[in-house]
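Novice: coords please:
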Amino acid sequence: MNHNKIKTREVKDSQWNMKPDQAKALMLAKRQLTELVFDAVNLEGINFTLPEIQTLLDGVTVGGHKISDQRIAINQGKTWRTLFEWIEKGWFEVTAEKVCELHCIAGKEEALECGRFRFGGVTIAGTDYMPPEAGMLPALFDNMMAQVYKIPDIYDRAIFLFLTMARCQFFYDVNKRMGRFIMNGLLLSTGYPAINLPAKRQLEFNQLMIAFYKSNDQKPMNTFLRSCLDERIIKIMKA
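Specialist: Okay, the predicted model is just below:
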C-alpha cells in the first residue's frame, strides 16, 4: 500500500448519513467561496467585510486596508479555486508534493519560505508546546499518512489531517490554513461538504486549539469542527 497519498475510496460517514456526491459538494463550496475566505482571513485578525472580500475575489482592490492583508485574502481565494480545479480534474492527492504546491499559493509573499517544509524551529503563540524539529518532518508526514488509512469515518479522517498538520507545523507560516485546505480537499474529493470555521467562533476555536497543542487529544476539536458544518448544507446533501 502506498502511504504517501490518499485516493478516493469507500469511507464511512457515521454522523450524518449523507450520500457522497462530489459534484454537489463542490457546487456548494463554490457558492460559499466568499464566506470561506471571509472567515479564514478574519480568523487571522484581518477585518474585512463580506462585500469587501467579494470585491477582492472579483479582482478589484478595496480602500482602507493594507496591501499585504488584501494579498492574503486574494491568495485564499486562489488556493480554493486551485483546490476546486484539482478535484474536478482528479488531480487532488494528499502528498507532500501537493501540499507544498498548494502552500506556494496560500503563503505567497506572506510565509518565510513557500512551498517547502520548514528547515528550522518554530513556536506557537499561547502555548509552551514545541513543534517537532525540522529534520523529523518528512518522517512525521509519512507517519500521518500511514495512520490516516486506518480511520474509517471520513470526517474523523479529514479532521485528523488538519489537526496533525497544525500540531506538526510543517511550514514556517500558514499552517492552520493549510491544514484546513487539506482537510476540506479530502472531504470534497470524496464527495462530502467542506467544514467552514466561522470567524464568530474564533475564541472557542483558539481555546480548544491551545488545549489540543498541549494534550494531543483530538476529541474536543473533532466535536467542535463537526459542529461547524452548516445544517442547511447537510440537508441539501441528504436530499
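
Novice: quote the end-to-end distance of stretch 213-229.
Specialist: 23 Å (Cα to Cα, to the nearest Å).

Novice: swap that for stretch 196-207, sorry
Specialist: Between the start and the finish of stretch 196-207 there is a gap of 18 Å, counting by Cα to Cα.

Novice: any idea of the mean pLDDT for it?
Specialist: The predicted model assigns stretch 196-207 a mean pLDDT of 94.

Novice: then stretch 221-233?
Specialist: Mean predicted lDDT for stretch 221-233 stands at 95.

Novice: just give me the longest helix of the chain.
Specialist: helix 67-88 (DSSP state H).

Novice: list the buried residues for that one?
Specialist: Of all the residues in helix 67-88, those buried under the rule 16 or more other Cβ atoms under 10 Å are 69-70, 72-77, 79-80, 82-84, 86-87. (Each C-beta comes from the backbone N, C-alpha and C, glycine too.)

Novice: packing partners of that helix?
Specialist: Judged by 3 or more Cβ pairs under 8 Å, 6 or more residues apart in numbering; DSSP states H and E, helix 67-88 is in contact with helix 22-31, helix 33-43, helix 50-57, helix 96-106, helix 175-189.

Novice: same for the longest one, what does it pack against?
Specialist: This points to helix 175-189. Against helix 175-189 (3+ Cβ pairs under 8 Å, 6+ apart) you get helix 22-31, helix 67-88, helix 96-106, helix 154-168.

Novice: with mean pLDDT as extra columns, can I get the helices and strands packed on helix 67-88 in a markdown table?
Specialist: What follows is the helices and strands packed on helix 67-88, written out as a markdown table (pLDDT from 0 to 100):
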| stretch | mean pLDDT |
| --- | --- |
| helix 22-31 | 97 |
| helix 33-43 | 95 |
| helix 50-57 | 96 |
| helix 96-106 | 96 |
| helix 175-189 | 96 |
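
Novice: so which of the ones you listed is the most surrounded?
Specialist: Highest mean neighbour count of the helices and strands packed on helix 67-88: helix 175-189, a mean of 24 (counted as mean count of other Cβ atoms under 10 Å).
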